[in-house]
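Colleague: next come a sequence and a model predicted from it.
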Amino acid sequence: MYVADSRAHSPAPPGPTGQGAPPSGAPASPAGAVRPLAGRRRAAVAPTVLALGTVSLVTDVSSEMVTAVLPLYLVAGLGLSPLGFGLLDGVYNGFSALVRLAGGHLADRGGGRHKWVAALGYGTSALCKPLLLIAHSLTPIGLVLAADRTGKGLRTAPRDALISLSSSPETRGRAFGVHRAMDTAGALLGPLAAFLILRATVDGYDAVFTVSFCVAVAGVLVLVLFVPGGTARPSGALPSGRTRPTRPRGAVPSAGRTQPTRPVELGGTAPDRTPPPQRPGSPRPSGRPTLRAAVALLHRGDLRRIAVCAALLGLATVSDSFVYLLLQRRLGVPDRWFALLPLGTAAAFLLLAVPLGRLADRIGRRRVFLAGHGALLTVYALLLGSFHGTALPYVVLLLHGGFYAATDGVLMAAASECVPEELRSSGLALVQTGQALARFACSLGFGAAWTVWGDRVALTASTVALVVCAAFSLRLRPAGVAGERREAAAGAGKDEK
Amino acid sequence: MTVHARILVLVSVVALLAAVGVASVLHASARADRRNRTQPGGPRVTAGRVTLTEPGRMVFRSMAWGPHRDELTTVPAADPSGPRTASGVRCLRFHAAAGTGVCLQAVHGAVSDTYRALVLDAHLKEKARYAVPGIPSRARVSPSGHFAAWTAFVGGDSYAGTDFSTRAAIADVRTGRLIPSLEEFRIVRDGRPYTSPDVNFWGVTFAADDRTFYATLATRGRTYLVRGDLRTRTVSTVRTNVECPSLSPDGTRIAFKKRVAGLPKDAPWRLYVLDLRTLRETALAEPRSVDDQALWRDDRTLVYALPGDYGADLYEVPADGTVKPHRISAAAVSPAFVP
């Protein structure tokens, strides 16, 4: 429904770039306390992030191959009528939200099994591909797709947690940007691969599914081999030079506190809410991520603020398909170009994810996140306006992709700041789920408004809602200001207080 | 495991996976050769001249394996399983009436398939072509030969690709003017104007007056039979739970597929005939689920396709529900009869 859901696996946050060294002169940040690479190429991205980006790229090639040929397969290959097939989607949306929360919680239990829960998710989706070879009617195919999406729901939060854990706070925006760009590249390559196979074969759907399976297995393999497991930080097999941070005792946040003070082990204070790094090999403290602790995350003012902000703005984020439909109606985009519109958004997302992620690291994630919604607002305004030039579709798609680039990864980078490490997956899952549910509600509402009052009124209402939600979000910043400064000054060694 | 060992593992497993992938692609491409060879026991197909005006013929897409697979072919309507004459024109869906044909084709591009609709004259010469926005599903020509209609599935953009919509287009063969989507028409539902973003149309069928047509309208999870007016550009609902209507030559009845409660979700339809004067429905004697827009061979007989060993087979059933259906031709789909 939203490109960030479909392509980037979720309204997930931007990935962390690992090992980024803080700006020169900056005292060590907790996560970056050991920064052997400081002073080296600032642009380096943690190997773990690149590995996760590769996993996502490869997995998206695999899943988008299937997505691209599925309609053709159902209609031409199996002779089924696909209408009404989407009926389960609404119900499934609620379920996948639960799966995402469960995935986040599972990943945090037992002291950070992010990698293995993510591997379970990726593995489940991989196993679904060969099942498509033997499912020949709608019900089994629907079940396989549901299992596929369950895998996707499971893996999203742990994967984003791994990205955030393997990058320093001051480079997280860029890290998530790199991840999202790689992910989107996979989504663009997948359909291409599928059609090349169909071209080389006759009714080669079986070949598409088989190749998709092989590609998915390769993705799982990269994850298993090259992403450090368990609680390991980007140290491990990866030459990142980072040490593994300790989980502070009692890091489960007490309600309302922006941030617990924590012991500083390696010098420097924590500019970020992640606990300070731990020497490799030292025993992990026992902070046990319980379900209750996960729920209690919402008592944290800063995380709640982000979650509320994301959900509020999600309420005014019109589903991609409506945007394309409006674009088509307003501007008379010919039908045959209609299928290309999502590619435009994805391409802009791909190109802008890294620059905007870096920008977020520099000037503040909140600012970029809100600016992204400004881009969305401009999209609405352009769709409502009277300018009908040929440039309009390009501008709209560029802004639409820019909206995702400025919000998808950036949100996760911002949320990562407010979630203690041992609850990282749960916390990110909370924010993602809130946003996803809000967007789903928006789609339902928008569809209903369109039915009753027509598309213009529905879009005008969304525009007003977006302005109101954005204004409200702007006011929601008490600690956000401090947080923002902290972000901007990440690595500057200031205590967050 | 050292980095070296990991890379070794990755490279060897990826090599194995690549081998599996390549093998599956090769296997699937070898299918081309198999299908281009004539199937033993299949119908005899020879190249020849096919016209849309030769009386007593059935013209259809032949799905029989061999060099003429997927071409428009013709057989005597009296012997539909007899030897076929192939035209060289390939279509996915086809229909013809009064010397006008509509042929929905795939165009294999470098990176993706696109689709188009060709309007053909009686000698299968192209008179006009239109882009079709998705996978072709239904095709119809009006009894006069003046209008052609087609429906395509337009894929959604959601992750699992499960939300589809349809586009139904109508072309005026004489002027070349195209109505790209019936969604442009005003909708009157139960006597009142109706708008909704989720409106879908499919399965157009024309009356003989060059003005009236029928089609399926879907919205809010329900399907309606609508009567359309090409002059006022309006459609009005007639009845619910009617899909893929097909108007009888005398204009009094509509054959359609009906979603029957209690049937499996992937095979939910039964064939019915609706009398437009009494609005009484008659179930036909076809016990299987039919997913096709049936065709009236004459005022008493319906022809439709069911899945078969080589794609689809054509069956025939009386329109009064009395007699069981029988297969008239294997490996065939999208028929048109020249009276």
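Modeller: Nice, thanks for sending it over. Keep in mind it's a predicted model, so treat the numbers as computed, not measured. Residues are numbered from 1 along each chain as shown, chains lettered A, B, ... in the order given.

Colleague: switch to C-alpha atoms for all contacts and neighbour counts from now on
Modeller: Noted.

Colleague: average pLDDT for the helix or strand hosting residue B:148, rounded please.
Modeller: Using DSSP states H and E, residue B:148 falls within strand B:147-154. Strand B:147-154 carries an average pLDDT of 92.

Colleague: next one: stretch A:226-242
Modeller: On average, the pLDDT along stretch A:226-242 is 51.

Colleague: can you pull up the most central residue in chain B?
Modeller: residue B:138 (3.2 Å; CA atoms, centre = their mean).

Colleague: next, that residue: secondary structure please.
Modeller: Going by DSSP: H, G, I helix; E, B strand; the rest coil, the secondary structure assigned to residue B:138 is strand.

Colleague: who are the packing partners of the strand holding residue B:148?
Modeller: strand B:135-141, strand B:165-172, strand B:200-206 (3 or more CA pairs under 8 Å, 6 or more residues apart in numbering or on different chains; DSSP states H and E).

Colleague: where does the stretch 251-400 of chain A have low pLDDT?
Modeller: For the stretch 251-400 of chain A, applying pLDDT under 70 flags the ranges A:251-289, A:334-336.

Colleague: spell out the residue ranges of the strands in it.
Modeller: A:277-278 (DSSP state E, counting those that start in this stretch).

Colleague: do a quick rundown of the helices in it.
Modeller: A:291-296, A:301-315, A:320-331, A:335-338, A:341-363, A:365-384, A:392-418 (DSSP state H, counting those that start in this stretch).

Colleague: figure out which of these is closest to chain B.
Modeller: Comparison of the helices of the stretch 251-400 of chain A against chain B by CA to the nearest CA identifies helix A:335-338 as nearest, at 4.7 Å.

Colleague: picking up where we left off before, save the helices of the stretch 251-400 of chain A as a markdown table, and put in distance to residue A:458 and mean neighbour count too.
Modeller: As requested, the helices of the stretch 251-400 of chain A are exported to a markdown table (distance: least, CA to CA, whole Å; neighbours: other CA atoms under 10 Å in any protein chain shown):
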| stretch | distance to residue A:458 | mean neighbour count |
| --- | --- | --- |
| helix A:291-296 | 35 | 16 |
| helix A:301-315 | 13 | 23 |
| helix A:320-331 | 10 | 19 |
| helix A:335-338 | 21 | 15 |
| helix A:341-363 | 21 | 24 |
| helix A:365-384 | 10 | 22 |
| helix A:392-418 | 18 | 27 |
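
Colleague: to residue B:196, which of those helices lies closest?
Modeller: Across the helices of the stretch 251-400 of chain A, residue B:196 has its closest neighbour in helix A:320-331 (12.4 Å, CA to CA).

Colleague: re earlier: got the contact list for the strand holding residue B:148?
Modeller: Identification of contacts with strand B:147-154 by CA atoms under 8 Å, 6 or more residues apart in numbering or on different chains yields B:102, B:117, B:119, B:132-142, B:164-174, B:201-205, B:210.

Colleague: quick check: neighbours of it in the sheet, parallel or antiparallel?
Modeller: Paired strands of strand B:147-154, with direction, are strand B:135-141 (antiparallel), strand B:165-172 (antiparallel) (DSSP bridges).

Colleague: pick the most deeply packed of the ones you listed.
Modeller: Across the strands paired with strand B:147-154, averaging neighbours per residue (mean count of other CA atoms under 10 Å in any protein chain shown) puts strand B:135-141 on top, at a mean of 27.

Colleague: measure residue B:125 to chain A for me?
Modeller: Here the criterion is CA to the nearest CA, to the nearest Å. By it, residue B:125 lies 24 Å from chain A.

Colleague: do the same with residue B:267
Modeller: From residue B:267 across to chain A, the span is 9 Å (CA to the nearest CA).

Colleague: sweet, I'm off.
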